[in-house]
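Enquirer: Need a 3D model of the following:
(chains A and B)
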There are 2 protein chains.
Amino acid sequence: MNFRSLYRIHFSIVDVKEKMKETVKIGMLGCGVVGSGVLHLLNREHSGCLHRKNIGLQIARIAVRDLTKRREGIPRELLTDDPLAVIDDPGIDILIEVIGGIDPARHYLLRAIERRKSIVTANKALLSEYGDELFEAAHRCGVDLTFEASVAGGIPIIKSLREGLVANQIESLYGILNGTTNYVLTRMTDEGWDLHEALRAAQERGYAEADPTMDINGMDAAQKLIILTRIAYGGVFRTAEILREGIDRIAHQDIEYARELGYTIKLLAIAKRLDGNRVDVRVHPAMIPSGSVMADIKDEFNAIEVVGDAVGTQVFYGKGAGSLPTASAIISDLLDLAERHTRSASSRVSELFATDEGPELLSIDEIDVPYYLRFVVVDQPGVLAAIARILAAEQISISSVIQKGRSEVSSEGVPLVIMTHEAKERAMRHAIEQLNRLDVVKDRVQVIRVEELT
Amino acid sequence: MNFRSLYRIHFSIVDVKEKMKETVKIGMLGCGVVGSGVLHLLNREHSGCLHRKNIGLQIARIAVRDLTKRREGIPRELLTDDPLAVIDDPGIDILIEVIGGIDPARHYLLRAIERRKSIVTANKALLSEYGDELFEAAHRCGVDLTFEASVAGGIPIIKSLREGLVANQIESLYGILNGTTNYVLTRMTDEGWDLHEALRAAQERGYAEADPTMDINGMDAAQKLIILTRIAYGGVFRTAEILREGIDRIAHQDIEYARELGYTIKLLAIAKRLDGNRVDVRVHPAMIPSGSVMADIKDEFNAIEVVGDAVGTQVFYGKGAGSLPTASAIISDLLDLAERHTRSASSRVSELFATDEGPELLSIDEIDVPYYLRFVVVDQPGVLAAIARILAAEQISISSVIQKGRSEVSSEGVPLVIMTHEAKERAMRHAIEQLNRLDVVKDRVQVIRVEELT
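Expert: A predicted model of the protein is given here:
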């Protein structure tokens, strides 16, 4: 068999796989920041786990307000300015709603549910005020309604609470759910800026809307908290019923006093189980212990600390907003619904198979990291030169040296620490073998790899 | 209608709900620490989200080694010492495997799969070495095989990677996946203990096995990393193929030098995507930047930092082992499988309904937290007494007072900060109204609630 035929066979396998994929047709209402993120993630060639699934997700129709707007890479024939053309299309199985706000989204979704479409929405305002009506309609019509993207962007907190921690009674839930206010409070705390300076910076960086009222007054966090409370406790409450305070009155002095007292100020969304089937649900600036994980959540990041009676404390941390993080959550929901449309158990297991497309393991020899080397050496001139010569011969370059004074001399020798730049594992192994043979090097060289994380 | 009939109606609704629940029958192999955790969580009266699901999970048969052992609260008739009596029971839909180890678990699971049972396992050793064989068998027989409990205990990391982050290409994954070694390194770092002291303490606290070899040498973390790599990258590798180093050679001097250089030493499990469809997979002690989220993971806790191309950096943090955290993960898997057995979309939406069993919202008046109060007061004697009198009249007790020296006096007055013990919202509101009316209090009193977290 020559290379040509191998190539053909490879392609025909891919074709068969593609054909085996069941395709689910999707409509979308809205195509702004989040909607175009969804299209981007679905249309790129390789989307990690997604391409190993046996299910194809096809965007069949998109309703937009302005048909004349230039939209890079979106085929014109997918677009319509009539939302009903999407909602009423009998070929569409699942509807994504990313227009936001209460009206007309509420009526669109109710109509789509009546037409037996399952719904994926990122609409926290709608769910926090009209969740009951929508869930009831979905139940009655036998469709599903999912909303991972409505809380904490790309962090899979809804899935984790509903599915991952399903066996737990949730004792408490603390959320930093609004990136804008967390960015503002971080700048006020770390840089000493005042609220208005920090807010302007947030707007410049795109973390805050032109009108940040709903962020600053805690309403955005309250809507998300109402949704989380429903999942964690089955409690159906309205934002108007809970205690809500924003960050507008936080002064720089408060941040300073908090620091003196061992606290950090965060806009915290809180839901706690109390005795007698009661829950304490509120959003307000709170002083929380400095040094706690939640106090260390900085900038525009979100985090949720959940205490479950079985698992204890868990924290989920990540970006709570933005086009791609939110789109990531929407596609997670989409795939859940699509799998339910087509589900056979084996379609899930199949993604765990060995495939010829699997990645190659980097050979151990080729691992390329900075190193920490600790030596115990004889205290005499020329030692460092001897060591450096061996490293240089293996193309390993030194980034810093710590050589302690005489005070640390022991009978065995003096310590010497060398940090290197990235070096290949094989080169380092050769170097270490030679270094261990040097007379001036006592004891084996200690080697620890360095990881700068990302 | 009198109360008596209301009571009856309420109960009949509950009955109908219970009857509507479809029940899935479950067999279990093993009933040690994790197995008894599963029974505990399934049998208690209220399990949070779980009791709102339309699905009943019934443990029908349990195979144990020793039938004579006393097992509190487990009906004798559920137990057998013949694993095949569970595996071959045609009434059983799902099999939980918590015996651990490669043999005989491997043969039991293959036989159960042939008998068309879906599998839930916590067996990291088995999956990391024989995952291929098991997934292939499951695919062929059309059953599912889930394993959330095999990595990081109660943290829903498998679900988050497979489902929550499905739209992401995973750029890198850093895990602190072994609680024993993290506890040991934390004690060495924070207390200056040596490895043997720290290991003894871990054993006393039940974080380390009597034989901690697999923890210390990195094998436990490597097995978990192999499983995560399979999910994140589709890579099918063996522990024997990857670079693996344990923590046994880490000396106290290394921890000290690391600190000087701005690093913390952690046993890190690493999987990184490189160019050319290659992945860099390894487990070893690593110096990571102090102050990073991962460097702050202390004691027996686990954490996984995932960088996805859509969501950016996410961190999942929690307990990685123990009876109930691991059992929590097993029940999450169980419910996934059970839902697939019985699934109708509406069964999932129904749990989101308003029900009469929902909790009651704590009235805002009754919220009970410590407070920070900041005043600007006239600089004259008797001011503190006047304020304290008002707080005392509302039963609010003071925990500390910060009164600054003359240097901070401004034309408007001097600052005064009071921290209170827990006080009811209503009482505080009354107090604040009166405090704001005091002549000696300039400006409105600043009020911030304190949350000590859990």
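
Enquirer: ok, residues contacting stretch A:205-221?
Expert: A:124, A:175, A:177-181, A:183-184, A:199, A:202-203, A:239, A:244-248, A:267, A:269, A:283-284, A:300, A:321 (CB atoms under 8 Å, 6 or more residues apart in numbering or on different chains). C-betas here are computed from N, CA, C, even on glycine.

Enquirer: now, which of these lie close to chain B?
Expert: residue A:284 (CB under 8 Å from any CB of the partner chain).

Enquirer: Just the buried ones out of the contacts of stretch A:205-221, please.
Expert: A:124, A:175, A:177-181, A:183-184, A:199, A:202, A:239, A:244-247, A:267, A:269, A:283-284, A:300, A:321 (16 or more other CB atoms under 10 Å in any protein chain shown).

Enquirer: Which ones among those map onto helices?
Expert: If you go by DSSP state H, those have A:124, A:179, A:180, A:181, A:183, A:184, A:199, A:202 in helices.

Enquirer: Now do the contacts for the last one.
Expert: If I follow you right, that is residue A:202. A:180, A:183, A:184, A:187, A:208, A:212, A:300 are the contacts of residue A:202 under CB under 8 Å, 6+ apart.

Enquirer: likewise the third one?
Expert: Shown in contact with residue A:180 (CB under 8 Å, 6+ apart): A:199, A:202, A:207, A:208, A:209, A:212, A:215, A:216, A:220, A:300.

Enquirer: Roughly how far does it sit from chain B?
Expert: 17 Å (CB to the nearest CB, to the nearest Å).

Enquirer: That residue and residue B:102, how far apart?
Expert: According to CB to CB, to the nearest Å, residue A:180 and residue B:102 sit 52 Å apart.

Enquirer: And for the last one?
Expert: When distances are taken as CB to CB, residue A:202 and residue B:102 turn out to be 54 Å apart.

Enquirer: Then the first one?
Expert: Computed as CB to CB, the residue A:124 to residue B:102 distance reads 47 Å.

Enquirer: now swap in the fourth one and tell me
Expert: If you measure residue A:181 against residue B:102 using CB to CB, the figure is 51 Å.

Enquirer: and the longest helix for chain A?
Expert: If you go by DSSP H, chain A has its longest helix at helix A:323-342.

Enquirer: list the helices and strands that one packs on?
Expert: Secondary structure elements in contact with helix A:323-342, counted by 3 or more CB pairs under 8 Å, 6 or more residues apart in numbering or on different chains; DSSP states H and E, are strand A:22-29, helix A:33-43, strand A:55-63, strand A:94-97, strand A:118-121, strand A:145-146.

Enquirer: State the number of residues packed around residue A:432.
Expert: 19 (other CB atoms under 10 Å in any protein chain shown).

Enquirer: Quickly name whichever of the ones in helices among the buried ones among the contacts of stretch A:205-221 is closest to chain B.
Expert: The closest of these to chain B turns out to be residue A:179 (CB to the nearest CB; 11.9 Å).

Enquirer: Contact partners for the residue lying closest to the closest one once chain neighbours are set aside?
Expert: Once flanking residues are discounted, residue A:179 sits nearest to residue A:300: 3.8 Å by CB to CB, 6 or more residues apart in numbering or on different chains. Contacts of residue A:300 were listed using CB under 8 Å, 6+ apart, and they are A:179, A:180, A:182, A:183, A:202, A:205, A:207, A:319, A:320, A:321.

Enquirer: Apply 6 Å and report the result again.
Expert: Contact partners of residue A:300, counting by CB atoms under 6 Å, 6 or more residues apart in numbering or on different chains, are A:179, A:183, A:207.

Enquirer: Next, format the residues you listed as TSV and append pLDDT.
Expert: Shown next, in TSV, are the contacts of residue A:300 (pLDDT from 0 to 100):
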residue	pLDDT
A:179	96
A:183	97
A:207	84
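
Enquirer: which element is residue A:71 on?
Expert: Residue A:71 is part of no helix or strand, with elements assigned from DSSP states H and E.

Enquirer: Quick check: chain neighbours aside, which residue is closest to it?
Expert: Spatial nearest neighbour of residue A:71, chain neighbours left out: residue A:31 (6.8 Å); criterion: CB to CB, 6+ apart.

Enquirer: Helix, strand, or coil at the one you found?
Expert: Using DSSP: H, G, I helix; E, B strand; the rest coil, the structure places residue A:31 in coil.

Enquirer: Please tell me how far the residue lying closest to residue A:444 once chain neighbours are set aside sits from residue A:388.
Expert: Spatial nearest neighbour of residue A:444, excluding adjacent residues (CB to CB, 6+ apart): residue A:436 at 5.8 Å. Applying CB to CB, the value for residue A:436 to residue A:388 is 16 Å.

Enquirer: who has more neighbours, those two?
Expert: residue A:388 (15 against 12).

Enquirer: Please, which helix or strand holds that one?
Expert: Going by DSSP H and E, residue A:388 is in helix A:383-393.

Enquirer: Show me what that helix is packed up against.
Expert: When contacts are defined as 3 or more CB pairs under 6 Å, 6 or more residues apart in numbering or on different chains; DSSP states H and E, helix A:383-393 packs onto helix A:425-437.

Enquirer: Could you figure out how far the helix it packs on is turned away from helix A:383-393?
Expert: Following axes from the mean of the first three to the mean of the last three CA atoms, to 10 degrees, one obtains 150 degrees for the angle between helix A:425-437 and helix A:383-393.

Enquirer: so where is the stretch 301-450 of chain A shaky, pLDDT-wise?
Expert: Across the stretch 301-450 of chain A, the ranges flagged by pLDDT under 70 are A:343-347, A:354-356, A:405-410.

Enquirer: and it, which residues reach chain B?
Expert: A:307, A:310-312, A:314-315, A:317-319, A:324-325, A:328, A:331-332, A:335, A:345-346, A:348-350, A:352-354, A:358-362, A:364, A:372, A:417, A:448-450 (CB under 6 Å from any CB of the partner chain).

Enquirer: Can you spell out the domain ranges of chain A, please?
Expert: A:3-153+A:324-352, A:157-320, A:364-449 (automatic domain parsing).

Enquirer: Of all those, which one is nearest residue B:424?
Expert: Within those, the stretch nearest residue B:424 is domain A:157-320; the backing value is 11.9 Å (CB to CB).

Enquirer: Would you work out how far apart the start and end of the closest one are?
Expert: End-to-end distance of domain A:157-320: 11 Å, with CA to CA, to the nearest Å as the criterion.
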